[in-house]
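**Student:** the sequence and its predicted three-dimensional model are supplied below.
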Amino acid sequence: MNIIAICGSPRRGNTEFALKKLLTKAGELGHKTELILLREKKVEHCRGCLSCDDTGKCPILDDMNSITEKMVANDLIVFGSPNYFNNVSGLMKDFFDRLNPAYGNKKLDGKKAVVLFVGDEVRNIDKALVVVESLTNSLGISIIGDLYLNAKDAQGLENDPESVKKIDDFVVSILS
């Protein structure tokens, strides 16, 4: 299976660590993986022009089209984001908004996805998950699993063996 992970964190920290750990474990299980760090890509805000409704392509010339094509080429998409105020990060929201061409051309229809959130309050995960579920439902993507990891500081997950085990166990459960 080919797996692509999209990291919506604006910094190098827990979300990136968790996605790398997830992909490393998937690689150990024989899967091909790739990580995309949105903070290193140029993804402009959606302009709301809706020309993609007619053409199936966004007229903005940035990294978004190549990221979308990579999503199409993979079997499993992992969306990873810090939980900011019960929502995805701004980077991830901009990325989601720019997936409108995929809604019109149905290129992602039938894909599978996993959602990974990192934050310091477990009680609010359901609100952030609703945002991702709304997007995936619109695009015809099925969420096959979600994982929420609790971390209060920038390297909280790296220094928590229970969280690392939780990531490994999650990967085994979704890929077996």
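**Tutor:** Received the coordinates, thanks.
**Student:** drop to CA atoms for contacts and neighbour counts, all remaining ones
**Tutor:** Noted.
**Student:** which strands or helices does the helix or strand harbouring residue 52 pack on?
**Tutor:** Applying DSSP states H and E as the criterion places residue 52 in helix 51-55. Using 3 or more CA pairs under 8 Å, 6 or more residues apart in numbering; DSSP states H and E as the contact test, the elements touching helix 51-55 are helix 100-105.
**Student:** how about the helix it packs on: buried residues?
**Tutor:** Residues of helix 100-105 classed as buried: 100-105 (neighbour count, 16 or more other CA atoms under 10 Å).
**Student:** before we move on, what about stretch 6-23?
**Tutor:** For stretch 6-23, by 16+ other CA under 10 Å, it's 6-10, 13-23.
**Student:** ok, now stretch 80-100?
**Tutor:** Buried residues in stretch 80-100, defined by neighbour count with 16+ other CA under 10 Å: 80-83, 86-89, 91-96, 98-100.
**Student:** can you tell me which of these end up in strands?
**Tutor:** 80-82 (DSSP state E).
**Student:** among these, show me the least confident.
**Tutor:** For these, the least confident position by pLDDT is residue 82, scoring 92.
**Student:** wait, that residue sits on residue 118?
**Tutor:** Yes. In terms of CA atoms under 8 Å, residue 82 counts as a neighbour of residue 118; the distance is 4.7 Å.
**Student:** what touches both of the two?
**Tutor:** Taking CA atoms under 8 Å, 6 or more residues apart in numbering as the contact criterion, the residues that touch both residue 82 and residue 118 are residue 15.
**Student:** let's verify residue 23: helix, strand, or coil?
**Tutor:** helix (DSSP: H, G, I helix; E, B strand; the rest coil).
**Student:** what about it, distance to residue 139?
**Tutor:** Separation of residue 23 from residue 139 (CA to CA, to the nearest Å): 24 Å.
**Student:** show residues contacting stretch 96-108.
**Tutor:** The contact list for stretch 96-108 (CA under 8 Å, 6+ apart) reads 45-46, 52-53, 56-58, 64, 68, 71-72, 135, 138-141.
**Student:** most remote residue from the middle of the protein, which is it?
**Tutor:** residue 54 (26.5 Å; CA atoms, centre = their mean).
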